[in-house]
Each structure stands twice: as structure tokens, then as C-alpha cells.
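> Turn this into a structure:
(one chain, ligands or ions: 1)
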Amino acid sequence: MDGHFVPNITFGHPVVTKIRPHVDRPKESNGQGTFDCHMMISEPKKWVKEFQKAGCDLYCFHYEAAVDSTAAESPETNTDKKTNPKEMIRYIHEQGMRAGIAIKPGTDVDVLYEIFDNSNKEEVPEMALVMTVEPGFGGQKFMADMMPKVQALRKRYPELNIEVDGGLSEKTVDTAAEAGANVIVAGSAVFGAKDPAHVIAKLREAVNKRR
Ligand SMILES: O=C(CO)[C@H](O)[C@H](O)COP(=O)(O)O
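The predicted structure follows:
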């Protein structure tokens, strides 16, 4: 969070650098150890290389931050700041990371279809993130009305990693998993728990029993 794209600030690549040596690298079979960095920032391209150096495995940027009319029309003149989503995805892949693309609650899911239907695989992300709160703060209420977006993505892309973020807990995870989400972000539910491992196991179970 950069205090611009969202009205809050959180940690950046120096924290990733410090934590990375203490976490095993991802095992391709189950994704454990993946550093999935959700960039709630206005200039996502600016930080790609720093996060790669820090040990990020998957760099997830916001569709809304990557799209503006100028950048979409002439991506070649917008290489320092904004660029269009396809250029961003290609750039992330060139740095050796997987790419994710996130949408805020007010963004229609169909903006993602063109991105995932692209036959050029270098420009196709490995994950879609459907925000289930307005990004910026933990501890908000899960927006169940975002589930049609998840259902639409799951129907169209049976194998896609679909992440949900915001208000996920043991109480809400079944709704998300039933809709088709298979990557669950949980802050308060895990860090506020007496037994975080138990909560994580429950969240994982909700996803796994539907796969
Ligand atoms: O970053 C977020 C919002 O910007 C996430 O929603 C947050 O980290 C998850 O927290 P919680 O599980 O408490 O909703």
C-alpha cells in the first residue's frame, strides 16, 4: 500500500528481503512458500525489479493502476510509470516472476476476459484476484456480492488460480470456495486467532474439499 492508490501505507520490499530467507521456496505442487505480493500501488511497474530482487514469486498488480487511457493507447511512451496490463504482465514474466491481476469491488470482471483470453502466454497472468473489500484496510466485512465475479471466472477458466482477499475467515470461506476461489487471503482471521495454524488448516480444507 502506497498511500496513493489506497489511503494507507504498509510494508515494502525491505520486509520481503528480511523474511524470504526464513521461508522455503515454493514447491510447484502446492505453492507453499510462495511470496505473493499484492501491490496496492499507483505505479506498479516501478517496483517490479525491487520485489524480484527481494524474493517475490508472484507480483500481483491492480488492473485499475495499470490502465489509463493514455497508457492503453501508447504503452511505449509510458514505460516509466503506468503501462497497460499486457505490458505489465510481460514485464513481470521477463523478471522471472509469476503475475497476478487484481480488481477492486467497483471494477467489472469482464475487463479480465481480454487479458486471460490472450493467446500470447507471456501476456497472460497466473492468477486473478477478486477483492472482497475495498482495498486499504484489514478487518473489513466480506463482500459476498463479489461472488458472481468469482463464479464467472471459474466457469470461464476452470484451471485458473482465483484469489479472494478481504474479510475471509472460517465463517466466509465456504461462500468463496463454493463460488470457485482457490487462493484465500486472510489477515484478521489468522493473526487474531489463538491457534493460527488451526484457522489456516480450516481455510485450506474449505478449498480442497471442492477441488
Ligand atoms: O489488504 C487488505 C485490504 O487492503 C486485505 O483485505 C487484508 O490484508 C486482509 O485482511 P482481513 O482478513 O482482515 O480482511
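
> Tell me the residues of the chain that contact the ligand?
40, 133, 135-140, 165-168, 185-189 (CB under 6 Å from any ligand atom). For every residue, glycine as well, the C-beta is placed using N, CA and C.

> Buried among the residues you listed? Make that a ChimeraX selection.
With 16 or more other CB atoms under 10 Å as the criterion, this ChimeraX line picks the buried residues out of the residues of the chain next to the ligand:
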select :40,133,135,136,138,165,166,167,168,185,186,187,189
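
> Which members of the residues of the chain next to the ligand are positioned in strands?
165, 185 (DSSP state E).

> quick one: contacts for the residue in the chain that the ligand sits nearest to?
Per CB to the nearest ligand atom, the residue of the chain with the smallest distance to the ligand is Gly187, at 2.7 Å. Gly187 is in contact with 138-139, counting by CB atoms under 8 Å, 6 or more residues apart in numbering.

> Same check on Val199?
169-170, 186, 189-190, 193.

> ok, 7 Å please
170, 189-190, 193 (CB atoms under 7 Å, 6 or more residues apart in numbering).

> For those, which single residue is the most surrounded?
Ala189 (24 neighbours; other CB atoms under 10 Å).

> I'd say it and Thr172 touch.
No. Applying CB atoms under 7 Å as the test, Ala189 and Thr172 come out as separate, 8.5 Å apart.

> before we move on, back to that, tell me the two of the contacts of Val199 that are most distant?
For the contacts of Val199, the farthest-apart pair by CB to CB is Glu170 and Val190; their separation is 10.3 Å.

> how about the helices of this protein, start to end?
With DSSP state H applied, the chain shows helices at 13-19, 48-54, 63-66, 69-73, 85-94, 111-116, 147-156, 173-179, 188-191, 196-208, listed in chain order.

> As PDB, could you dump the C-alpha coordinates of the longest one?
The one in question is helix 196-208. Extracted C-alpha coordinates of helix 196-208, given in PDB (Å, rounded to 0.1, in the frame of the first residue of the first chain):
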ATOM      1  CA  PRO A 196      -3.500 -19.600  13.600                       C
ATOM      2  CA  ALA A 197      -2.400 -23.000  12.300                       C
ATOM      3  CA  HIS A 198      -5.900 -24.400  13.000                       C
ATOM      4  CA  VAL A 199      -7.500 -21.500  11.100                       C
ATOM      5  CA  ILE A 200      -5.200 -21.900   8.200                       C
ATOM      6  CA  ALA A 201      -6.000 -25.600   8.100                       C
ATOM      7  CA  LYS A 202      -9.700 -24.900   8.100                       C
ATOM      8  CA  LEU A 203      -9.400 -22.300   5.200                       C
ATOM      9  CA  ARG A 204      -7.300 -24.800   3.200                       C
ATOM     10  CA  GLU A 205      -9.800 -27.600   3.900                       C
ATOM     11  CA  ALA A 206     -12.700 -25.500   2.600                       C
ATOM     12  CA  VAL A 207     -10.900 -25.000  -0.700                       C
ATOM     13  CA  ASN A 208      -9.500 -28.600  -1.000                       C
END
